[in-house]
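In: Coordinates for the following, if possible.
(one chain, ligands or ions: 3)
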Amino acid sequence: VAEGATTGYGYGILGDYKTLNTYYSNGTYYLYDVTKPMNGVIETRTAQNGSSLPGSYSVDSNNAWTAYSQGADVDAHYYAGVVYDYYKNTHNRNSFDNNGSTIRSTVHYGYQYNNAFWNGVQMVYGDGDGSVFAPLSGALDVVAHEITHAVTDYTAGLEYRNQPGALNESMSDVFGYFVEPNDYLLGEDVYTPGVSGDALRSLSNPEAYGQPAHMNNYVYTSEDNGGVHINSGIPNKAAYLTITSIGKAKAEKIYYRALTVYLTSTSDFSDARASLLQSAADLYGYGSSTYNAVVNAWNQVGVY
Ligand SMILES: Cc1cc(C(=O)NCC(F)(F)F)no1
Ligand SMILES: [Ca+2]
Ligand SMILES: [Zn+2]
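Out: Ligands and ions are numbered 1, 2, ... in the order given. Sure, this is the predicted structure:
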């Protein structure tokens, strides 16, 4: 009859076994994780292929979340926990607002919806059409990308258009790497399930997916809020060059400090260079090898 925190298990969309922090109440198990510090809650819901949010809690009768249709729910819930832990353990940030706000995800949004987004309040994931995308919560870097949009909104507040918007997108891709550092690709686990080796974007080789990697090739367009998903290739390349020269541990400290201390809603690429240099100076010293590596990275992408 007890009510409270339980541990379940299930399979993600790729058939991978994972344990889950769930909640039991009155004969039903919920994807509701109460294990995080300072009452930070993680909850996962389903839109049941409709488009009304937040939808109803994902529930199960026996805490074994093993149905194919539950894979997206399992992954959204588990990966949100991984991203929570990353920000808390690496940057001592308690949820996206640093105040323990509930991380709410809704899966099975829309019909064969090939995207995922942060709507200002929560994460939303489509199931994909099975050709372009598998269910999008099945990629840890995608989940980290979306939750980082929330972090950005509560910190720098980068406007979602033109250069600030491309920086906003880049921060989400870069922290997607920091959370899932096994490759420089984004979305590879859910992008084109029938094709191996490809991805939505690449930090190391933005051009491979039609993105510029140098300011000379900045795309001036009115599409996609001024090409925010295209022009992110330029700061993404600078991040890749920085990471490969100073290492992940230093890079993530510099990026987190720039995002939370120096960047503002209208920061452009040049402001990003300055913010990262200031952060490198603060943490590792003006003129240090770390500082100079950041100078070189942004020089190589033509941003001064
Ligand atoms: C073009 C285009 C790219 C994206 C994108 O990045 N979506 C977030 C992700 F998590 F699904 F990747 N949306 O429109
Ligand atoms: Ca990846
Ligand atoms: Zn994004």
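
In: And the residue most central in space within the chain, its phi and psi?
Out: Within the chain, the residue whose C-alpha comes closest to the C-alpha centroid is H145; the distance, by CA atoms, centre = their mean, is 1.6 Å. As for H145, its main-chain torsions (degrees, to the nearest 10) stand at phi -60, psi -50.

In: number of nearby residues for L276?
Out: Using other CB atoms under 10 Å, the number of residues around L276 comes to 27. C-betas here are computed from N, CA, C, even on glycine.

In: Ok, W118 next?
Out: W118: 20 surrounding residues under other CB under 10 Å.

In: That one contacts I147, doesn't it?
Out: Yes. Checked against CB atoms under 8 Å, the pair W118 and I147 is within contact range at 7.3 Å.

In: Next one, pLDDT for the residue of the stretch 101-250 of the chain found nearest ligand 2 please.
Out: Closest to ligand 2 within the stretch 101-250 of the chain is D141: 3.9 Å, counting by CB to the ion. Note on D141: pLDDT of 98.

In: Not counting sequence-adjacent ones, nearest residue to it?
Out: The shortest distance from D141 to any residue that is not its chain neighbour, by CB to CB, 6 or more residues apart in numbering, is 3.8 Å, and that residue is G176.

In: these two touch, right, the residue nearest to the centre of the chain and D173?
Out: Yes. Using CB under 8 Å, H145 and D173 qualify as a contacting pair, with a distance of 6.2 Å.

In: Overlap of the contact sets of those two?
Out: Contact criterion CB atoms under 8 Å, 6 or more residues apart in numbering; residues shared by H145 and D173: L186.

In: Quick one: the helices in the stretch 1-150 of the chain, in order.
Out: Ranges of helices within the stretch 1-150 of the chain are 71-91, 140-154, based on DSSP state H, counting those that start in this stretch.

In: burial count for the residue of the stretch 151-300 of the chain found nearest ligand 1?
Out: Closest approach between the stretch 151-300 of the chain and ligand 1, counting by CB to the nearest ligand atom: H229, at 4.2 Å. Number of residues near H229 (other CB under 10 Å) recorded here: 19.

In: CA-only coordinates of the strand or helix carrying it in PDB, if you can.
Out: Using DSSP states H and E, H229 maps to helix 224-231. Coordinates of each C-alpha in helix 224-231 appear next as PDB, following Å, rounded to 0.1, in the frame of the first residue of the first chain:
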ATOM      1  CA  ASP A 224      15.000  29.400 -40.000                       C
ATOM      2  CA  ASN A 225      15.200  32.600 -38.000                       C
ATOM      3  CA  GLY A 226      18.200  33.800 -40.000                       C
ATOM      4  CA  GLY A 227      19.700  30.400 -40.400                       C
ATOM      5  CA  VAL A 228      20.200  29.500 -36.700                       C
ATOM      6  CA  HIS A 229      20.600  25.800 -37.500                       C
ATOM      7  CA  ILE A 230      23.000  26.500 -40.400                       C
ATOM      8  CA  ASN A 231      25.200  29.300 -39.000                       C
END
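
In: from now on call the first residue 39
Out: In the new numbering, first residue 39, that becomes helix 262-269.

In: which residues touch it?
Out: 198-201, 203-204, 206-207, 239, 248-250, 256-259.

In: Closest to G50 out of those residues?
Out: For the contacts of helix 262-269, the closest approach to G50 (CB to CB) belongs to R239, at 21.8 Å.

In: Now that closest one: closest residue in space that isn't a chain neighbour?
Out: Using CB to CB, 6+ apart and skipping residues adjacent in sequence, the residue nearest R239 is L224, 4.4 Å away.

In: Ok, T66 next?
Out: Across the structure, with CB to CB, 6+ apart as the measure, the residue nearest T66 apart from its sequence neighbours is V97 (5.2 Å).

In: burial measure for the one you found, as a count.
Out: That count, for V97 with other CB under 10 Å as the rule, works out to 17.

In: isn't it right next to S63, touching?
Out: No. V97 is beyond contact range of S63, at 9.9 Å (criterion: CB under 8 Å).

In: interface residues of the stretch 39-188 of the chain facing ligand 2?
Out: Within the stretch 39-188 of the chain, the residues that sit near ligand 2 (CB under 5 Å from the ion) are D179.

In: residue ranges of the strands in the stretch 39-188 of the chain, please?
Out: Assigned by DSSP state E, counting those that start in this stretch, the stretch 39-188 of the chain shows strands spanning 42-49, 55-63, 66-68, 70-71, 80-84, 94-95, 97-98, 102-103, 141-147, 154-156, 161-164.

In: Relative to the second one, what are the paired strands and their orientations?
Out: When pairs are called by DSSP bridges, strand 55-63 turns out to pair with strand 42-49 (antiparallel), strand 66-68 (antiparallel).
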